[in-house]
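>>> What would the 3D arrangement of this be:
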Amino acid sequence: MDPLEIIGKYYDPGSKAYYFLVHHGKMVAHKARELAMRAARLHPDLQFIEEAAMLHDIGILYTDAPKLGCFGFKEYLCHGYLGRELLEREGYPQHALVCERHVGVGILAEEVRRNSLPLPVRDMVPETLEERIVCLADKFYSKSEHDLTHEKPLEKVRTIIEGYGAHKLRLFDEWMESLG
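Purely as a prediction, here's the structure:
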C-alpha cells in the first residue's frame, strides 16, 4: 500500500491540508520508527507502523480546522473515528483502527458518555504494540506552522498528557517504559 496514493485520493496535493497532513505524517513516521527500534525485541511490524503513521490523521479532512486548511463540519476531536471510516472504505481495517485509537492516549466509552463528547460511544484505546507506537510518536509533533518539524521534549509531552488526568500520564509512561 502507498499512503501517499490514498492521501492523494482525498487531498489536493497543492493544498494546505495536504501539506500539513503529509509533513506531520512523515515526522510521526520517523519518530514511530525510532520508538519501534527501541522495542525491536518485541518484533513490531515496521512497514505497518510507517504506513499507519502516515495515515493516522487522514480524517482531518472532515473537520472544521481552517488553520490546517480543513473546512469540514465536524469538531477536530472527531478526526480519529472519521479517519477510521475512510480507511475501512478503502479496505485497510487495521490502519483504520490506528486512526481511531491514536487520539490522546485513547478515549474510553465512559469518557465519551461522561463528557458528552461528539464521538461514537465505544472504547477507542490503542491495543496493539503498533497502535501504541504510532499513538506515542504522534504526541511529539504538532500540526502548526512553527512546530510542524520540531520534536517536543519528553517533559513537555508529559505535561500536555497530564492535563488530561494523572491516569492518562501513567498510561503514557507505562507505554514509553515498555518500549525500553
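
>>> the helices in this structure, which residues?
3-10, 16-38, 46-55, 79-89, 93-101, 109-114, 129-138, 154-162, 166-179 (DSSP state H).

>>> Find the nearest non-adjacent residue to the residue of the chain most remote from its centre, please.
Residue farthest from the centre of the chain, counting by C-alpha atoms, centre = their mean, is residue 41 at 23.6 Å. Sequence neighbours aside, residue 180 is the residue nearest to residue 41 in space, at 7.4 Å (criterion: C-beta to C-beta, 6 or more residues apart in numbering). Where C-beta positions appear, they are placed from N, C-alpha and C, glycine not excepted.

>>> List the contacts of the nearest residue to residue 82 once chain neighbours are set aside.
Distance criterion C-beta to C-beta, 6+ apart; nearest residue to residue 82, sequence neighbours excluded, is residue 59 at 3.5 Å. Contacts for residue 59 (C-beta atoms under 8 Å, 6 or more residues apart in numbering) come out as 78, 79, 80, 81, 82, 83, 84, 85, 86, 99.

>>> any low-confidence regions in this protein?
For the chain, not a single residue meets the criterion pLDDT under 70.

>>> repeat that with 80
For the chain, the stretches flagged by pLDDT under 80 are 144-147.

>>> pretty sure residue 106 is touching residue 124, no?
Yes. With contacts defined as C-beta atoms under 8 Å, residue 106 counts as touching residue 124 at a distance of 6.0 Å.

>>> circling back to that earlier point, can you tell me how far the residue nearest to residue 82 sits from residue 41?
Distance, residue 59 to residue 41, using C-beta to C-beta, to the nearest Å: 33 Å.

>>> likewise residue 55?
Per C-beta to C-beta, residue 55 is found 26 Å from residue 41.

>>> cool, residue 17 as well?
Look at residue 17 and residue 41: by C-beta to C-beta, they are 38 Å apart.
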